[in-house]
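1. Here is my input, please return the structure:
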Amino acid sequence: MYQLKDPMADQNQQQPPFGKKTEQHNDSRRSFLKQSSLLTALALAPPAVVEAAEAQFDEKVAEKFEKVPVTLKINGTEHKLSVEPRVTLLDLLRQQLDLTGTKKGCDYGQCGACTVHVNGERINSCLTFAVMLEGKEITTIEGLANGENLHPMQAAFIKHDGLQCGYCTPGQIMSAIACIQEGHAGSEAEIREYMSGNICRCGAYPNIIKAIEEVKNSGASL
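-> Numbering: from 1, shown residues only. Prediction:
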């Protein structure tokens, strides 16, 4: 007697049993899809995005080889750090030590907003590499006050309203102290000359000069 043949019989027999070969096949398929997706994404990504990704990778590799140890004494506290030779004191203060009182203004040494003291002398921290200051005494605006007691120059700036927006004020105060210590506060004209490296966009110069004159004439210890 003729028997009807199950059309699915041969197909079922040809199906590979579930097991190791099937798992390997699935793993290979997933890997292929992932790689294909990545290549497609890279192909479709704008060149700027690809370049940025490559640059970020290069930065991470460079960090491992380029960082050098440095010990800095900042506001009386010793800090043992690992920094890249190209890092400026300004970026180190703000980004690694969270001392954000020192402001980033022009980043070209032209506005004075980043002024700090190194061994008692004022410098533009945006133009100074951190690794150059090994073993030196660094003072920022955060290191002036004695607890709740303001530094005389800080108090004078508040008294004479020597600020408006306040962004340049930390640098102005640091330069004002140095101006007196350097012996360049003998007259209004001299103060203007030796404070000319600190720009105030708000135009608070007359009040800044009054604050400096008061501190200078008071003979207060700086």
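
2. Contacts for stretch 137-152, please.
-> For stretch 137-152, contacts defined as Cβ atoms under 8 Å, 6 or more residues apart in numbering pick out 72-76, 89, 93, 99, 101-102, 116-120, 153-154, 158, 170, 173-174, 177, 215, 218, 220-222. For every residue, glycine as well, the C-beta is placed using N, CA and C.

3. Unless I misread the structure, residue 191 falls within a helix.
-> Yes. Assignment of residue 191 by DSSP: H, G, I helix; E, B strand; the rest coil places it within a helix.

4. contacting residues around it?
-> Residue 191 is in contact with 179, 184, 185, 209, 212, 213, counting by Cβ under 8 Å, 6+ apart.

5. Just name the closest of those to residue 110, please.
-> Distance to residue 110, by Cβ to Cβ, is smallest for residue 179 among those, at 17.9 Å.

6. Would you confirm that that closest one contacts residue 194?
-> Yes. The pair residue 179 / residue 194 is scored as a contact, 5.0 Å apart, by Cβ atoms under 8 Å.

7. Report the set of residues contacting both of the two.
-> Residues touching both residue 179 and residue 194 (Cβ under 8 Å, 6+ apart) are residue 185.

8. Now do the SS call for the residue nearest the centre of the chain.
-> In the chain, the centroid-proximal residue (Cα atoms, centre = their mean) is residue 95; its distance is 3.5 Å. Assigned by three-state DSSP, the conformation of residue 95 is helix.

9. Highest neighbour count among the contacts of residue 191?
-> Among the contacts of residue 191, residue 212 has the most neighbours (other Cβ atoms under 10 Å), with 28 neighbours.

10. Contact partners for it?
-> 153, 156, 176, 179, 180, 185, 191, 195.

11. and residue 173, what is it in contact with?
-> Contacts of residue 173 (Cβ under 8 Å, 6+ apart): 141, 144, 151, 153, 154, 157.

12. Noted, bye for now.
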